[in-house]
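> the following comprises the amino acid sequence and a computationally predicted model.
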Amino acid sequence: MTASDISSVLIIEDEPLIAQRLGRMCEEILPSGCPIAFAPETASALGWLNTHAADVIFLDLNLKGEDGFDLIRHLSSYAAQTIVVSANTDRAIEAFEFGVVDFIPKPFSMPRLSAAIERLFQASPPGRTALKYVSFRIAGKVRTYRVEDIISISADDKYSQITMVDGETLFHDKALGAFEQRLPDRFMRVHKSHIVNLDRISAFRSTPGSRYLIELEGGNSVPVSRLQAPVLRKIIV
């Protein structure tokens, strides 16, 4: 993904002047004609997301007195990447644990905004705080799980299929690459279509034709690429 791939932006900000300024800066940084939508509070933001798809969301944490962290939890269930723009810097670590890409303190500048957007395209952004929680929209409600309880994440078209330690299989709007950027170091992409929790591996084995598999808790197995096989063998043996 590059800046030219960003096709839609949502700005969630209750102060009109700040929202407009942020929108103008985005217009200068992002591809010409990229649509930018605005929402002043949680209800309108979620209403917009129910009928539209955003690639990037800019979020203030204080929306007409609402706690933006309730919204961060909800936003983490969507495919969009979220960048927080807020004066509440004391809660930055907590925001990163829910997968936000960056936390821009107010007042913000064009260079700082550009740097945040650049982080969207970095495989492992410097100084990152690893993802600690992941949320899903299930039957009209948002459920949040600990990342350490994930066994594996597999690509399913542009979505991800996630297997949990209790055997439950859940589907997430985010693509595999978006998860790879934020996961803790104990997660490894062992194949172009699979990420596994190294702490949940039961066995590593080779199969006829110089192919490799890892067996996971719960009895599932996933293939391992030839490139990753020697690396993985050293880690788990």
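Yes, it's here.
> so what does the lowest-mean-pLDDT helix or strand in the chain touch, helix or strand wise?
Lowest by mean pLDDT, DSSP states H and E among the helices and strands of the chain is strand 66-67, with a mean of 82. Applying 3 or more C-beta pairs under 8 Å, 6 or more residues apart in numbering; DSSP states H and E, one finds that strand 66-67 makes contact with no other helix or strand. Quick note: C-beta positions are derived from backbone N, CA and C, even for glycine.
> now the helix or strand just after it: buried residues?
Tracing the chain C-terminally past strand 66-67 and defining elements by DSSP states H and E, one meets helix 68-75 next. By neighbour count, and taking 16 or more other C-beta atoms under 10 Å as the criterion, the buried residues in helix 68-75 are 68-69, 71-75.
> check contacts around residue 73.
Taking C-beta atoms under 8 Å, 6 or more residues apart in numbering as the contact definition, residue 73 lies against 98, 133, 135, 142, 144.
> which of those fall within strands?
When DSSP state E defines the strands, the subset of the contacts of residue 73 inside them is 133, 135, 142, 144.
> would you turn those into a markdown table with neighbour count, pLDDT and distance to residue 29?
As requested, the ones in strands among the contacts of residue 73 are arranged in a markdown table below (neighbours: other C-beta atoms under 10 Å; pLDDT from 0 to 100; distance: C-beta to C-beta, whole Å):
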| residue | neighbour count | pLDDT | distance to residue 29 |
| --- | --- | --- | --- |
| 133 | 16 | 96 | 29 |
| 135 | 19 | 96 | 28 |
| 142 | 14 | 94 | 30 |
| 144 | 13 | 96 | 31 |
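> the spatially closest residue to residue 174 that is not a sequence neighbour: neighbour count?
Of all residues not flanking residue 174 in the chain, residue 79 sits nearest, at 5.3 Å (C-beta to C-beta, 6 or more residues apart in numbering). The local packing count at residue 79 equals 15, with neighbours defined by other C-beta atoms under 10 Å.
> same question for residue 145.
Using other C-beta under 10 Å, residue 145 has 17 neighbouring residues.
> if I pick the closest residue in space to residue 87 that isn't next to it in sequence, what's in contact with it?
Taking C-beta to C-beta, 6+ apart as the measure, residue 87 lies nearest to residue 106, with 4.4 Å between them; neighbours along the chain are not counted. Under the criterion of C-beta under 8 Å, 6+ apart, the contact list for residue 106 reads 18, 85-87.
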